[in-house]
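# Provided below for reference: sequence and predicted model.
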Amino acid sequence: MALAVGALCFALFVFGLLVDRAQFFHAYLVGFIFWIGITLGSMALLMLQHLTGGAWGVIIRRVLEAATRTLPLMLILFIPILLRLNQIYSWTNPAEMDQTPALREKAAHYLNPAFFTVRAALYFAIWSLMMLLLNMFSLEHDRTADRRFAKRLQMISGPGLGLLIITITFASIDWVMSLDPAWSSTIYGLIFVASWSLSALAFAILVMSWLSKREPMNAVVRTSHFHDWGNLMMALVMLWMYFAFSQYLIIWSANLPEETTWYVARKHGGWGVIALGIVILQFAFPFMTLLSRAAKKSPQKLGMLALLILITRVVDVIWLIEPTFNRERFHLSWMDMAAPIAMGGFWIATFAWQLQKRALAPINDPQLAQALTAHAGH
C-alpha cells in the first residue's frame, strides 16, 4: 500500500517539475531531509540503547534496525540533489559568493560543488559502515546468543554515537544551513540531532502501537514499555526546545543584522503563525500530555501523539527551508507536502520489507527475558 501511494504521489510530484523546476527541487529537499532524519535518528537511538541497555530498547530494536536499513534508499534519493545543486544552493553561483570577502573564502575552501560532494560521500560511507556493523552484530547475537556480539555492539556504539553526532552536524550545515551562505549558527547541528532523534522515536512508537494490537507482539509489548518510550519522547521534546530556544535567544540578544535576517524571514506573514504552531505542537502540547502517566501508558494516545509530532516535524522542515527562497513574501506550494508523502511511500515500503526479514523481537537476547519479567506485573 505504501509503495502504491508513493508511486502515485511521486507521479504527481514529477508533474510539478514541469510546472516549476525550482520549486520542485526545494520541495524535494524538504522530503529528503525529513526522511533521512528518521533513518539517522533511528541509528542514534539504536546506539544509545546498546550503550545503556534497558527494556525500552530491546522491544523496539527491530523497528530501529529496519529503519536504519533504509539508508541505501536515501543514498539513491540524494543523487538528484547532487545533480541539481544549482537549483537549490545559491553558493553555486560565483556572482553570489563574490559579494563579500567572507563569502569568497567560504566558496574557495568549503562551499563548492566538488568539496560538497566529497563530504556527502564521506557522510554516507560512515553511516553505511555503522549501519552494517550494528545490524550484522545484532543478527549474529540473535542467532548464537553469544555475549561477545553484545559487547561488540556496545564497543562500537560509544565512539559511533559521537561520530554520528559530528557527521549529522556537518550534514545539516551542508544541506540546510548553507541554503543561506551568509548565515551561521554554532548550535544548528545539535538542533538536527535532537529533532531527528525525536522523529525516529515518534515513528517507532507509531509502529509499535500498531504492532502491539497484533500477534505476536501483543504478547510481548506491555503498557510499561510505552511508558518508557513516553518518558524518552518527553526528554527529546525538551532537548529540541532547549537547543532551538538557545539559538533564538543568543541571536536575539546579540542583535547582529547578519544573524537576525534568518529569523526575520521566518516570522513575517504566515511563517510567524507556523513558527508558533511548531512551538505548540512540537513542544508545549506534547510536554503537557506526557506529564500524564495514563497518556504515556496508552498505546493509542501515545501513538496519536507520535503521529502529531511527525506531521509537525514535516512542517518544521518546511519552515527551515522554504523561507530562504521566498524572503519577501509568504509562499507555500502543494509540492512541499507532495514530496514528503511521495518519498514516504517508498521509505515505508522499504522499511516494511526490511522489518519482515527478521524476528520482531531479538529472541535469543537475554535482555528480552529481563524486559518481559521486569514488566510482567504491568
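Looks like it arrived, so ask away.
# how about the helices in the stretch 201-350 of the chain?
223-254, 257-264, 270-279, 285-290, 293-297, 299-321, 335-355 (DSSP state H, counting those that start in this stretch).
# dump these into JSON lines; add mean neighbour count as well.
Backbone N, C-alpha and C define where each C-beta goes, glycine included. Shown next, in JSON lines, are those (neighbours: other C-beta atoms under 10 Å):
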{"stretch": "helix 223-254", "mean neighbour count": "18"}
{"stretch": "helix 257-264", "mean neighbour count": "14"}
{"stretch": "helix 270-279", "mean neighbour count": "16"}
{"stretch": "helix 285-290", "mean neighbour count": "18"}
{"stretch": "helix 293-297", "mean neighbour count": "16"}
{"stretch": "helix 299-321", "mean neighbour count": "20"}
{"stretch": "helix 335-355", "mean neighbour count": "21"}
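# Leu29 is nearest to which of those helices?
Leu29 lies closest, by C-beta to C-beta, to one member of those: helix 299-321, at 6.0 Å.
# sorry, back to before: now the helices of the stretch 201-350 of the chain as TSV including mean pLDDT and distance to Lys106?
Formatted as TSV, the helices of the stretch 201-350 of the chain follow (pLDDT from 0 to 100; distance: least, C-beta to C-beta, whole Å):
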stretch	mean pLDDT	distance to Lys106
helix 223-254	94	19
helix 257-264	89	13
helix 270-279	94	26
helix 285-290	96	37
helix 293-297	92	45
helix 299-321	96	20
helix 335-355	94	28
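# and Ala108, how far is that from Glu258?
19 Å (C-beta to C-beta, to the nearest Å).
# swap in Val314?
Counting by C-beta to C-beta, the gap from Val314 to Glu258 is 29 Å.
# same deal with Leu179?
15 Å.
# also Phe115?
With C-beta to C-beta as the criterion, Phe115 and Glu258 are 23 Å apart.
# same deal with Phe24?
Taking C-beta to C-beta, one finds Phe24 at 30 Å from Glu258.
# specify the angle between the helix or strand where Ala66 lies and helix 223-254 in degrees.
Here Ala66, judged by DSSP states H and E, is contained in helix 55-68. Interaxial angle of helix 55-68 relative to helix 223-254 (axes from the mean of the first three to the mean of the last three C-alpha atoms, to 10 degrees): 70 degrees.
# elements contacting helix 55-68?
Applying 3 or more C-beta pairs under 8 Å, 6 or more residues apart in numbering; DSSP states H and E, one finds that helix 55-68 makes contact with helix 21-52, helix 113-144, helix 188-211, helix 223-254, helix 335-355, helix 366-374.
# after it comes which helix or strand?
Helix 55-68 is succeeded, C-terminally, by helix 71-83 (DSSP H and E).
# centre of the chain to that following helix, how far?
16 Å (C-alpha atoms, centre = their mean, to the nearest Å).
# contacting residues around it?
Under the contact criterion C-beta atoms under 8 Å, 6 or more residues apart in numbering, helix 71-83 has outside partners 25, 28-29, 32, 35-36, 39, 88, 117, 120, 124, 127-128, 131, 175, 343, 346-347, 350.
# only the buried residues of it, if you could.
Leu71, Leu73, Met74, Leu75, Leu77, Phe78, Ile81 (16 or more other C-beta atoms under 10 Å).
# any idea which of those residues is closest to Ala339?
Using C-beta to C-beta, the buried residues of helix 71-83 come closest to Ala339 at Leu77, 10.3 Å.
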